[in-house]
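Enquirer: here is a sequence together with a model predicted from it:
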Amino acid sequence: MAGDYFATGCVLLDIDAGGKDELIIKMVEAAADCGKIKRSKNKEVIEKVMSREKVGSTGIGRGVAVPHAKSSSVKELVGVFARIKQPIEFAALDGQPVDLVFLLLAPEPSAGDHLGVLAVVARMARDELYCRFLRQAKTPEEALDVLDEAMGNVGG
């Protein structure tokens, strides 16, 4: 299930990020590194995500953020998960810094498929147990296993 959207190369564990902008850049670069988007389109995709963040923070609370955007440079729904070594300010709803980030990129135009995945990830991200397991995962594969189980259990 999670493997449909998150590839092993799109799982970043214990990365350093000086702030929200730097993190988003690193996550979009990871999507390009694992072949999910063309590297030549990174700038446009980054701008779309940053533009969406200006509308309102995607920090949903409990140390979790779900930045997302639609772009014509994206051919299929793409997920990148990052666990940040030192939590960063993300203007989250609860005012807390963020250390678990799920970037979702969807094609433009697209049907509502990405909204369903976004809802599933948001519900899963609010589950304390899954977040704890993601914070303890030792490898990208372990993190993907947690995402698979979580997405299956919330009806994704």
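Expert: Structure received. Numbering: from 1, shown residues only.
Enquirer: can you give me the helices for this structure?
Expert: With DSSP state H, the ranges of helices along the chain come out as 20-33, 42-55, 113-125, 128-136, 140-153.
Enquirer: which residues touch the first one?
Expert: This means helix 20-33. Residues from elsewhere that reach helix 20-33, judged by Cβ atoms under 8 Å, 6 or more residues apart in numbering: 9-10, 12, 15, 17, 37-39, 41-42, 45-46, 49-50, 53, 67, 78, 80, 82, 84, 88-91, 101, 103, 105. Backbone N, C-alpha and C define where each C-beta goes, glycine included.
Enquirer: buried stuff in that helix?
Expert: 20, 23, 24, 25, 26, 27, 28, 29, 30, 31, 32, 33 (16 or more other Cβ atoms under 10 Å).
Enquirer: model confidence over it, on average?
Expert: Mean pLDDT, helix 20-33: 95.
Enquirer: the closest residue in space to residue 124 that isn't next to it in sequence: neighbouring residues, count only.
Expert: Using Cβ to Cβ, 6 or more residues apart in numbering and skipping the chain neighbours, the partner closest in space to residue 124 is residue 150 (4.0 Å). By the measure other Cβ atoms under 10 Å, the count of residues near residue 150 is 23.
Enquirer: do you know the pLDDT at residue 150?
Expert: Residue 150 is given a pLDDT of 78.
Enquirer: before we move on, what about residue 156?
Expert: 42.
Enquirer: quick one, which of the contacts of helix 20-33 are buried?
Expert: Judged by 16+ other Cβ under 10 Å, buried ones among the contacts of helix 20-33: 10, 12, 15, 17, 37, 41-42, 45-46, 49-50, 53, 67, 78, 80, 82, 84, 88, 90, 101, 103, 105.
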